[in-house]
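J.: Would you be able to build a 3D model of this:
(one chain, ligands or ions: 1)
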Amino acid sequence: MPRYDLITIFPDYFSALDISLIGKARSAGLVEISVHDLREQAQGVHKSVDDTPYGGGAGMVMSPEPWGKAIDKLATSDEIHDLIVLTPAGKKFDQNMATKFSQHEHLIFACGRYEGIDHRVTEFYKSQPNFRVHEVSIGDYVLNGGEVATLVMLEAIIRLIPGVIGNPESLAEESHTLIADGESIVEYPNYTKPAVWRELCVPEVLLSGNHAAIKAYRSEEALKRTKNRE
Ligand code: 6GU
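T.: The predicted structure is shown next:
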């Protein structure tokens, strides 16, 4: 079963993982998620996890020592661990990345706060043979920390794990399904009953029962939507 370890100073963010599809996947034993409080690895009465930046500048930087301790506790020498460091400076997360991560057995999410984690943490784990390090961003905007980004990634990844979605056919038809060489297409528009709502009609072809015509119409609409997004 795939294992996901989350390291954060705000474990409460992850109560969302108890509900809906992810909550069900966890209780069904399809995935294992553990949340770890970084502060438990901090020293002293104040359990401080950050300090002022060398070289000066605004804000605080997360100290390497608590991170090293927290990550080491989750690792073994005979397995490969994918360490995902959440940072706005990382590689942009997309469906292709979600697919790859969904095939890995052990993901560790390092949720930094403030101005980020001391750079030596990524540098150190990149040098370790049992780690693959991925610096990931979920988009070109700044969040206060990696917690929400981790929730976004987990939602995209876990729904791809076999057995999590009841009808796997719905995965094949949805938006961002890869077609060729990294290209993806968004989904055609969907309609349900009633056939007329606020004087707006469902496209005739969808009521025709002509499956070939419906298929052609949907491909055309999907292509139009994909082009309009560029
Ligand atoms: Cl992963 N972290 C932060 N702090 N901000 C972000 C982000 C991550 N992705 C986009 N903005």
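J.: and residue 26, what is it in contact with?
T.: Residue 26 makes contact with 17, 18, 32, 33, according to C-beta atoms under 8 Å, 6 or more residues apart in numbering. In short, each C-beta sits where N, CA and C put it, glycine included.
J.: Tell me which two in the residues you listed are the farthest apart.
T.: For these, the maximum inter-member distance is 13.5 Å, found between 18 and 32 (C-beta to C-beta).
J.: quick revisit: format the contacts of residue 26 as TSV; extra columns: pLDDT and neighbour count.
T.: Shown next, in TSV, are the contacts of residue 26 (pLDDT from 0 to 100; neighbours: other C-beta atoms under 10 Å):
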residue	pLDDT	neighbour count
17	98	21
18	98	12
32	98	13
33	98	20
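J.: Secondary structure and distance to the ligand added to the residues you listed, as TSV?
T.: Shown next, in TSV, are those (DSSP: H, G, I helix; E, B strand; the rest coil; distance: C-beta to the nearest ligand atom, whole Å):
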residue	secondary structure	distance to the ligand
17	helix	17
18	helix	22
32	strand	22
33	strand	18
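J.: Tell me what the residue lying closest to residue 139 once chain neighbours are set aside is bridged to.
T.: Nearest in space to residue 139, with sequence neighbours left out and distances taken as C-beta to C-beta, 6 or more residues apart in numbering, is residue 92 at 6.8 Å. Listed by DSSP bridges, the beta-bridge partners for residue 92 are residue 137.
J.: can you count the residues close to residue 92?
T.: For residue 92, the neighbour count with other C-beta atoms under 10 Å is 10.
J.: List the residues that contact it.
T.: By C-beta under 8 Å, 6+ apart, the residues touching residue 92 are 136, 137, 138, 139, 140.
J.: thinking again about what came up before, with respect to residue 189, which of the contacts of residue 26 is nearest?
T.: residue 17 (30.9 Å).
J.: For that closest one, which non-adjacent residue is spatially closest?
T.: Using C-beta to C-beta, 6+ apart and skipping the chain neighbours, the partner closest in space to residue 17 is residue 33 (5.6 Å).
J.: Contact partners for that neighbour?
T.: 3, 4, 5, 6, 14, 17, 22, 26, 154.
J.: How about stretch 33-42, which residues are buried there?
T.: 33, 35, 36, 37, 38, 39, 41, 42 (16 or more other C-beta atoms under 10 Å).
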